[in-house]
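K.L.:
sequence plus predicted model, see below.
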Amino acid sequence: MEGFVSRHLQRADWDVQLTKEHLKKWNTLIAGLEILNHVRIPRCYFENKSSKLKSAELHCFSDASEKAYAAAVNVRSTYDDERVDVNLIVSKTRVAALKEQSIPWLELLGATILVRLAKTVQDVLPRKLETVF
């Protein structure tokens, strides 16, 4: 990890001009972010005009690597016509600390943010849903 940090982490003051290489990377990143203006996520989880909701469950996932850990909560809705919809409700990611940490520790951090997200979602839903971790 030491080699990674020294190669990719550079200290600079705020008023220092970016190098051409860093400026090019920055502009590429900003251009890529423009695509996010066109992303649309449907937020209607329990209604369908053509069929009636039979059941709904929260499906919760977390994962970790040396660089980051994350959690996601999805709702899985089953309708009386046997159609199943799965929609992302909320997710959260964290970058791992620069100090090297074990994967089990990072997995535990991911599980911690997952449980907090799942509780927050359950608290705002109109009814209690079965939760699958």
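P.N.:
Ah, there it is.
K.L.:
would you say residue 97 is within a helix?
P.N.:
No - with DSSP: H, G, I helix; E, B strand; the rest coil as the criterion, residue 97 is assigned coil and is not in a helix.
K.L.:
near it, how many other residues are there?
P.N.:
10 (other Cβ atoms under 10 Å). C-betas here are computed from N, CA, C, even on glycine.
K.L.:
mind listing the helices for this structure?
P.N.:
2-8, 20-33, 103-124 (DSSP state H).
K.L.:
mean neighbour count and distance to residue 85 added to these, as JSON lines?
P.N.:
As requested, the helices of the chain are exported to JSON lines (neighbours: other Cβ atoms under 10 Å; distance: least, Cβ to Cβ, whole Å):
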{"stretch": "helix 2-8", "mean neighbour count": "9", "distance to residue 85": "40"}
{"stretch": "helix 20-33", "mean neighbour count": "10", "distance to residue 85": "28"}
{"stretch": "helix 103-124", "mean neighbour count": "15", "distance to residue 85": "16"}
